[in-house]
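Chemist: Pasted the sequence and its predicted model underneath.
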Amino acid sequence: MSTAGSKPWNGFAPDGSKHREIWTRHGLPLDTLTFFVAVKDGEPLDDLTEKSDKAPRFRARMSAEDVVALTETMLVGHGGHFELGKLEPAPFAGHDGFRITFDYVTRAEEVPRRGLGSGAIIDRRLYLILFLAPSGLYFDEDARDARILIENINLLTPPR
């Protein structure tokens with residue numbers, strides 16, 4: 001459990017993921033703060049789906065726009081809707097990175113969701129943090145704490 005902000009987050013590393021940790025305050029799927037740590041060149045961002053062997057893969061040469069497209073594919077796949085709010089340069093853990101905001105709806109759920117995040121490609125590995133929640137109450141309630149946490153993130157070990 002972590003206490004970034006006024007209320008604690010509960011965290012876990014999903015079985016089978018090589019590079020993901022998830023925190024939540026209200027439980028899945030009401031909100032998630034997902035940390036993608038040191039995703040290697042050639043690995044899928046979404047390494048938890050049954051189709052991860054066919055999932056689009058991160059490439060170290062990707063631009064921030066490419067990472068957003070990879071995120072979109074992971075969240076909505078084919079048949080959902082994704083709308084980018086803003087993509088802008090922003091520091092991430094002391095490195096040049098980017099910040100994003102977006103809205104999306106998955107085909108399976110049809111629940112309007114919002115997302116925000118930040119990331120960087122550091123030493124050919126992707127570091128990305130995404131906060132996702134249904135639009136309205138859950139997003140509005142925790143977005144500020146998620147932003148503060150993301151803006152103050154540090155890498156504990158140097159990338160290899």
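Modeler: Happy to help now that I have it. Numbering: from 1, shown residues only.

Chemist: so what secondary structure elements neighbour the least confident helix or strand in the chain by mean pLDDT?
Modeler: The helix or strand of the chain with the poorest confidence is strand 10-12; it has a mean of 93 (mean pLDDT, DSSP states H and E). Secondary-structure packing of strand 10-12 (3 or more C-beta pairs under 8 Å, 6 or more residues apart in numbering; DSSP states H and E): strand 20-24. Yep, even glycine has a C-beta here, placed from its N, CA and C like the rest.

Chemist: now the strand it packs on, how far from the centre of its chain.
Modeler: Here strand 20-24 is found 9 Å from its chain centre; the criterion is C-alpha atoms, centre = their mean, to the nearest Å.

Chemist: Just say helix, strand or coil for the residue positioned nearest the centre of the chain.
Modeler: Nearest to the geometric centre of the chain sits residue 130, at 2.6 Å (C-alpha atoms, centre = their mean). Assigned with DSSP: H, G, I helix; E, B strand; the rest coil, residue 130 falls in the strand class.

Chemist: Name the SS class of the nearest residue to it once chain neighbours are set aside, please.
Modeler: Leaving aside its chain neighbours, residue 130 sits nearest to residue 117 (4.0 Å; criterion: C-beta to C-beta, 6 or more residues apart in numbering). Put simply, residue 117 is strand when judged by three-state DSSP.
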